[in-house]
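A.B. asks: Need coordinates for the below:
(chains A and B)
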Protein chains: 2
Amino acid sequence: MQTTAADFQQRRRHLARLYPHPVLLESGPKTRNRFRAESFFLYFGGWNHPNLTMLLQDGEATLFYDPPETEQAIWEGPGPDLHELKHRYGLSRIASLREMPQAATRLNPEAPEELLQAAISLRLLHDQAARNQLEQAVDMSVRAHFQAMRATRPERWEFQILATLLVSVTQEGGSPAFEPVVSTRGEILRNRDNQGTLQRGDLLLVDFGARTSEGWSAGLTRTYPVRTNYSSRQAEIYEVVLAAQKQALAACRPGQEYRQVHRAACLGLTGGLVELGLMRGCPEDLVERGAHALFFPHGVGHLMGLDLRDMEEFGDRAGYAPGRQRSRQLDLKHLSLDRLLQPHMAVTVEPGFYWIPQLLENPEYTEPFRDCLNLDRIAAYKEVRGIRIGDNVLIHETGSKLLSATLPKEVQELEIVVNS
Amino acid sequence: MQTTAADFQQRRRHLARLYPHPVLLESGPKTRNRFRAESFFLYFGGWNHPNLTMLLQDGEATLFYDPPETEQAIWEGPGPDLHELKHRYGLSRIASLREMPQAATRLNPEAPEELLQAAISLRLLHDQAARNQLEQAVDMSVRAHFQAMRATRPERWEFQILATLLVSVTQEGGSPAFEPVVSTRGEILRNRDNQGTLQRGDLLLVDFGARTSEGWSAGLTRTYPVRTNYSSRQAEIYEVVLAAQKQALAACRPGQEYRQVHRAACLGLTGGLVELGLMRGCPEDLVERGAHALFFPHGVGHLMGLDLRDMEEFGDRAGYAPGRQRSRQLDLKHLSLDRLLQPHMAVTVEPGFYWIPQLLENPEYTEPFRDCLNLDRIAAYKEVRGIRIGDNVLIHETGSKLLSATLPKEVQELEIVVNS
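C.D. replies: Model (predicted):
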């Protein structure tokens, strides 16, 4: 469902109430690659077009735009009908760029704190139009993942699976929200290499999300075997990660600290690893000491919205409640969300287990935990490499909705899809 | 065929002969999207990796690179084996970034003119390794075009055809060399919109090229009907453009000015339009006066290499022979190559016919040519919109080789592929 003129007008009125001064929005300069306007321009302005400026004042919007002159039109086309444009995005006026006020405050990372806080607070809690877009982004991502699962087979290259994801989302008029991860070496967290071939029995980690044509982004991760079933070691760890994710998802409700969602994942993971004999001790103590981060060195998720990691360009203003700062602990320093969850927030929940030699074979990291790590047992799980399970969640008044509920993640369901 | 260590070493020795001073190459900072190193780094250095510096001195190469530290390796992996790296790219030494000389001259657009001219002169004439890469890029592009032709049918969206191109090239381990044009509105030259649906009888213009994993780029254009045959008007204009392109291709030989290749296309096009009755007069006179540019307002092509428009970031240093400057004429000001053709240059040849309302319905442009334009007859061809035929050519000692010879462009051949 498209965001309507009335939706954009409502957003502008809300901003005017929180920050009753003129605000200039800029869509940003043209780029070599496919253009995408600045997220705040898309949020309040709507039109994904370069070199635009919009003035928001008293809830009204004036777009500064000059239709292309002849020689520009040869290359880029004649430009839209101005009457339609006004109607589509609920604009009060379209004026020439020459009329643009130079003095008004621009909404960008250097804007006054008061404006930033006001604008960020709107995007933090998604209105109905935004929620529709997020659901659409997730649905497109789910269909792409299904295609990738079915395309996964031995002897294929990783980039062939990547191509399947891209074609699925492009065929629906979307685009990838970020550079995907498609790798049997899931232990490298930001692995952008897709030059490997798939071998029967490998686990393939796919972290992929779609962006809608309006610019809203999703991101889902699944880790599944290449045309066979999980090996027993793989299945043991997969079940641990899955249980950890379920505990984290159960913690997603209004009034809960997102930090507790992260903690629920850490406790779930640690409890499972203790049961499997990779660690020893009481999970609460182990997590308190940070031992879990040897296997799970990142945060459990982040805000979702127009940007995949929504509003990250504004530092921790969106992700961290006022007055809070990042911890220095191995996992917490990568936790980009530390706020009380509220209805209409959208977040990812994506814990993982990673067998990272640079951590698990490095005494500098293992020595402080020698009393609670069973290194021999850990070594036996090296083949598992990396497993991550990531979903997208919308908080509502009484709990939360798993937007990606239709994408399988139980061991058996995944095996059925992959081997079908 | 991969570029070998010996190939890179030979390039470095050649540069040392032309510019016998130390030179620093930088691969460039990491980017949000898939990283691609600066072209000169790829040309002399080979490794497509961010934040690298290489010192070229006396034909020897020292790479300044620090393997990732633990916490970086968690995200990006452990980094390559240094011994293999030296071997693969023919490096004399790998040193820490701390040892990097700050004073040496960097090869970038601000480099001394003497260095720029030396380095550009090497990339202007492609060595065997470069020619192999260009052939590979063209072959991948041809296969992608075939897939797109077969996928073209009524009611599909333009972005579905785009997806077919992307999947073809991605499945072969390549990537798109530039943002493709896939549009039934071919008269908008740089049309990046793919939101239209295909209707039976439309002409679809597809301008697409692949980039190899080493970074070498191709770009081919075809314009064909959607699951039917060309209408008689479409076929008339198509044959005119095709004849113009053939005349331009015939002009591609060593010792010829590329400007004459452009002129051959203009004459061919104008001659055809005179025969069809859209223009009146002697083609030589019409081209002299610039009348052809109302239908063909761009240059016939450009240099090819690592960049699609090779070395364009260095202004006209690569494209224009010393002392030459761009004309102000509508088509010639977009002509990005004005040099004597030499063996081992690679160029595109891509003339077109465009029915651009902003030109053909604008008295400011048509009035100077009122004596030689038949506006009524021209109006009857508005449905044709835009047709471009673009191929890639390698100049050799006695003539030239059409690298994209296997991609059909005769009317009947195209109809057979599209309707099959």
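
A.B. asks: so where do the helices sit in the stretch 101-250 of chain A?
C.D. replies: A:113-124, A:128-151, A:158-171, A:232-250 (DSSP state H, counting those that start in this stretch).

A.B. asks: Nearest to chain B, out of these?
C.D. replies: helix A:158-171 (3.7 Å; Cβ to the nearest Cβ). All C-beta atoms are positioned from the backbone trio N, CA, C, and that covers glycine.

A.B. asks: Which strand or helix spans whichever residue of the stretch 251-400 of chain A sits closest to chain B?
C.D. replies: Nearest residue of the stretch 251-400 of chain A to chain B: residue A:358, at 4.4 Å (Cβ to the nearest Cβ). Using DSSP states H and E, residue A:358 sits in helix A:357-360.

A.B. asks: List the contacts of that helix.
C.D. replies: A:294, A:295, A:297, A:365, A:366, A:375, A:378, B:70, B:73, B:74, B:78 (Cβ atoms under 8 Å, 6 or more residues apart in numbering or on different chains).

A.B. asks: What subset of the residues you listed is buried?
C.D. replies: When the contacts of helix A:357-360 are checked for burial by 16 or more other Cβ atoms under 10 Å in any protein chain shown, the buried set is A:294, A:295, A:297, A:365, A:366, A:378, B:73, B:74.

A.B. asks: ok now do the second one, which residues does it touch?
C.D. replies: It refers to residue A:295. Applying Cβ under 8 Å, 6+ apart, the residues near residue A:295 are A:269, A:273, A:278, A:353, A:354, A:355, A:360.

A.B. asks: Could you say which helix or strand holds the fourth one?
C.D. replies: What it means is residue A:353. Counting by DSSP H and E, residue A:353 is part of strand A:352-354.

A.B. asks: Pull out the buried positions in that strand.
C.D. replies: For strand A:352-354, the neighbour count (16+ other Cβ under 10 Å) marks A:352, A:353, A:354 as buried.

A.B. asks: and the stretch 101-250 of chain A, which of its residues are near chain B?
C.D. replies: A:157, A:159-160, A:162-164, A:166-167, A:170-171, A:173, A:178-179, A:185, A:188-193, A:195, A:213 (Cβ under 8 Å from any Cβ of the partner chain).

A.B. asks: Would you write a ChimeraX line that selects the buried entries of those?
C.D. replies: A single ChimeraX command selects the buried members of these (16+ other Cβ under 10 Å):
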select /A:157,159,160,162,163,164,166,167,170,171,173,178,185,188,189,191
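
A.B. asks: continuing past the helix holding residue A:358, what's the next helix or strand?
C.D. replies: Counting by DSSP H and E, what follows helix A:357-360 is helix A:363-366.

A.B. asks: could I get the helix or strand following that next one in PDB with only the CA atoms?
C.D. replies: Of the helices and strands lying after helix A:363-366 in sequence (DSSP H and E), the nearest is helix A:375-379. Below are the C-alpha coordinates for helix A:375-379, written out as PDB (Å, rounded to 0.1, in the frame of the first residue of the first chain):
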ATOM      1  CA  LEU A 375      38.200 -26.000  24.700                       C
ATOM      2  CA  ASP A 376      38.400 -29.600  23.600                       C
ATOM      3  CA  ARG A 377      34.600 -29.800  23.300                       C
ATOM      4  CA  ILE A 378      34.600 -26.400  21.600                       C
ATOM      5  CA  ALA A 379      37.100 -27.600  19.000                       C
END
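
A.B. asks: OK, contacts around residue A:373?
C.D. replies: By Cβ under 8 Å, 6+ apart, the contact list for residue A:373 reads A:278, A:279, A:280, A:291, A:294, A:366.

A.B. asks: okay, now residue A:116: neighbour count?
C.D. replies: Using other Cβ atoms under 10 Å in any protein chain shown, residue A:116 is surrounded by 21 other residues.

A.B. asks: correction: residue A:278
C.D. replies: Residue A:278 is flanked by 26 other residues according to other Cβ under 10 Å.

A.B. asks: try residue A:83
C.D. replies: As a measure of burial, residue A:83 has 9 neighbours, counting by other Cβ under 10 Å.

A.B. asks: my guess is it is in a helix, correct?
C.D. replies: Yes: checked against DSSP: H, G, I helix; E, B strand; the rest coil, residue A:83 lies within a helix.

A.B. asks: That one: what's it in contact with?
C.D. replies: Contacts for residue A:83 (Cβ under 8 Å, 6+ apart) come out as none.

A.B. asks: Leaving aside the residues adjacent along the chain, what's closest to residue A:121?
C.D. replies: Using Cβ to Cβ, 6 or more residues apart in numbering or on different chains and skipping the chain neighbours, the partner closest in space to residue A:121 is residue A:18 (6.8 Å).

A.B. asks: was I right about the one you found contacting residue A:120?
C.D. replies: No: between residue A:18 and residue A:120 there is no contact, the gap being 10.2 Å when judged by Cβ atoms under 8 Å.

A.B. asks: which residues does the nearest residue to residue A:329 once chain neighbours are set aside contact?
C.D. replies: Nearest non-adjacent residue to residue A:329, counting by Cβ to Cβ, 6+ apart: residue A:290, 5.1 Å away. Applying Cβ under 8 Å, 6+ apart to residue A:290 gives the contacts A:329, A:330, A:331.

A.B. asks: Would you list the phi and psi of residue A:290?
C.D. replies: Here is the backbone geometry of residue A:290 (degrees, to the nearest 10): phi 90, psi 20.

A.B. asks: I'd like the contacts of residue A:290 as CSV, with secondary structure appended.
C.D. replies: Listed next are these as CSV, based on three-state DSSP:
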residue, secondary structure
A:329, coil
A:330, coil
A:331, coil
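
A.B. asks: what's the burial count for residue A:31?
C.D. replies: 10.

A.B. asks: Return the residues in contact with it.
C.D. replies: Counted by Cβ under 8 Å, 6+ apart, residue A:31 has contacts residue A:50.
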